[in-house]
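# build me a structure from this.
(2 chains, ligands or ions: 1)
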Amino acid sequence: MANGNGKVGLKERVSQAADHVRTSQVWSSIFRPGSPFRAGYTDSPRNRSYVIMNNVLYHLHPVKVKRHAVRLSYTLCLGGLSFFLFILLTITGIFLMFYYRPTSPQAYLDIQALATDVAFGQLVRNLHRWGAHLMVLTVFLHMARVFYHGAYKPPREFNWVVGIVLLVLTLLLSFTGYLLPWDQLALWAVTVGSNMGAYAPVIGDQVSFALIGGVQITPDTLLRWYVLHVLFLPFIIVIFMAVHFWRVRKDGGISGPL
Amino acid sequence: MAGLPEHLLRRSAEARAKAEGRDVEEVLAELKGEAPPAPKEPAAGPEPAPAPAAPAAGPGRDLDAESAATGVPVPLLQRAMEGRARREGKPVPAMAGAPASAPAATAPAAAPAAAAAPAAAPAIPDGVTTQRLLTVVKAGAIQQVKSSPQDKVSVWPHLLAIEFVALMVVTAGLIIFSVFVDAPLLEFANFNEQPNPSKAPWYFLGLQELLSYFDPQVAGVIIPTFGMIGLAIIPYVDKNPSVRPSDRKLAIMVFSFFVFASAVLTIYGSFFRGPGFNFSFPWVDGIFFDF
Ligand code: HEM
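Below is the predicted model of the structure:
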């Protein structure tokens, strides 16, 4: 299209280029039919179904849900937020791993350096810490909302048990992370916390030995909890989350209204 | 085989004839129940279809009329009649020809006089099992569909939009909070200097609070272990199927009691415990608590 003076306007050129990209093979191989980013998308019931069905989100969501399930006041988004916080913690945690060495005294110095030497280091550390506390809270509140809705009743009994495992894993993740700054707060909070485990009848000594790698916390404990915190526990919790989400759908989606 | 369309009969006759190496017409006649049981010499060559055997119509029974009234084909009626006669040990009333209603297709040939009951029935060769078609039941739904259509909405855009907004709100809130409040970092870890008080992370402070009332084995091990097991078995203990709060007063009360108790213990341990883990008012002695 030409404008008044015979030249092709910038606007047209941009939209032509955009059309060109959106009809290219690369683009349409990435965005499957139904995607709003695909050329020629229209808002039709069929496309609304395709958006989910042809998308990785289909692993989490069905195409349609009961009307009451989308009401914010039913789930309060608490399960979803727990999951989202877990993702956020993974992202910020990977960032922190670039600057952290789980040895003494480097651990402490690295955390200090985050505040002074690393761009956005302190902000990311704050996000990771506050996000972690918030996740403990949302997981707990999610459990409470599930209880008050009676959403653990058949056929969802087992998913409640999976949920309890998730709760324990969440607490363990938070607790193992607590030691990593290697300051007075970390050292003594973890000492107090893990001393409780040492009182376990019969196996108390073994429990505390396995957890902290000795009779008291040492720099070895730091390495051990670091591995648990960044690798082992996330790995386990992801598996249980997968089972949890799968069961939510297999048990017939979100439970019915009261 | 009564009532089956001719072409179907013919098709199965052809198949069977081929399988058994016999003549199609012969098999067909047999299928129709018209063939006399007479075995044939293989060399006899193709023969015209044998004359249909005479059916034995009941005395005074108008099978045609009955058939019209009940919808049951005449040959079936006839067979049933013969069967009953046989069971009761009576001779089949061989009054063939008497009722004028004998079907035209089956010529009332000379009555097999004094026929024993089964005489009129088509003979069945050895080794061939036959079945009777008793009746045809009209097709209908066997399963009852119970679920009624549900009120559903598309996940896109309705649910995803809500999730997206929730996600943005939480992210924004968290970022704003993180800009203004820094995570704590105290002095370097020192094994020789225990701060007073030393507190566990906040979610364990309820337990730490219990430590000041109970033996460490009870507060540190037994209560948390049984607490978690107790939580996990809730669905198997609470057998009440209802989800209405008014039906679940006891369950709600018990659960709420534990939630409330843990909240109180946690807050107490967090804010009302000072040096030596002794009671203190946060507004008098300050807060001894770090996140
Ligand atoms: C890491 C922790 C957890 C994550 C990420 C998580 C995630 C979710 C999500 C996304 C849902 C869908 C509905 C909703 O958002 O409410 C859900 C449902 C459910 N969760 Fe969790 N959950 C976690 C922990 C728990 C815990 C601690 C429990 C209970 C002890 C639990 C029990 C259930 C049950 C029974 C359902 C089905 C609820 C219904 O059908 O209404 N989950 N969870």
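
# from here on, contacts and neighbour counts on C-alpha atoms
Will do.

# and the residue in the stretch 51-200 of chain B positioned nearest to the ligand, which helix or strand is it part of?
Nearest to the ligand, among the residues of the stretch 51-200 of chain B, is B:E163, at 9.8 Å (Cα to the nearest ligand atom). Using DSSP states H and E, B:E163 sits in helix B:160-180.

# so which elements touch that helix?
Counting by 3 or more Cα pairs under 8 Å, 6 or more residues apart in numbering or on different chains; DSSP states H and E, the packing neighbours recorded for helix B:160-180 are helix A:78-97, helix A:121-148.

# of these, flag the one that's most buried.
Mean neighbour counts were compared across the helices and strands packed on helix B:160-180 using mean count of other Cα atoms under 10 Å in any protein chain shown; the top stretch is helix A:121-148, at a mean of 21.

# hmm, it in reach of chain B?
Yes. Looking at helix A:121-148 against chain B by Cα under 8 Å from any Cα of the partner chain, the contacts come from A:Q122, A:L123, A:R125, A:N126, A:L127, A:R129, A:W130, A:G131, A:Y148.

# just flag the most distant two among these.
Largest separation among the residues of helix A:121-148 next to chain B by Cα to Cα: A:Q122 and A:Y148, giving 38.6 Å.

# residue numbers of chain B in contact with the ligand?
When proximity is defined by Cα under 6 Å from any ligand atom, chain B lies next to the ligand nowhere.

# so where is chain B shaky, pLDDT-wise?
B:1-3, B:35-60, B:92-122, B:138-148 (pLDDT under 70).

# name the residues of the host helix or strand of B:F226 that are buried.
Take DSSP H and E as the rule and B:F226 turns out to sit in helix B:223-232. By 16 or more other Cα atoms under 10 Å in any protein chain shown, the buried positions in helix B:223-232 come out as B:I223, B:A232.

# which residues touch it?
The list of residues contacting helix B:223-232 from outside it, by Cα atoms under 8 Å, 6 or more residues apart in numbering or on different chains, reads A:W160, A:V161, A:I164, B:L207.

# the last one: how many residues sit nearby?
Close neighbours of B:L207, defined as other Cα atoms under 10 Å in any protein chain shown, add up to 23.

# that one reaches B:A219, doesn't it?
Yes. Here B:L207 lies in contact with B:A219, judged by Cα atoms under 8 Å, at a distance of 6.3 Å.

# tell me where chain A has helices.
For chain A, applying DSSP state H gives helices covering A:10-22, A:25-30, A:45-53, A:72-75, A:78-97, A:106-116, A:121-148, A:157-179, A:184-198, A:204-212, A:219-227, A:233-250.

# please apply the same query to the stretch 51-200 of chain B.
B:63-70, B:74-87, B:160-180 (DSSP state H, counting those that start in this stretch).

# among those helices, which is nearest A:F83?
Judged by Cα to Cα, the one of those that comes nearest to A:F83 is helix B:160-180, at 10.4 Å.

# excluding sequence neighbours, find me the nearest residue to A:D205.
Nearest residue to A:D205, sequence neighbours excluded (Cα to Cα, 6 or more residues apart in numbering or on different chains): A:A198, at 5.7 Å.

# so who does the one you found touch?
So A:A198 contacts A:G204, A:D205, A:V207, A:S208 (Cα under 8 Å, 6+ apart).
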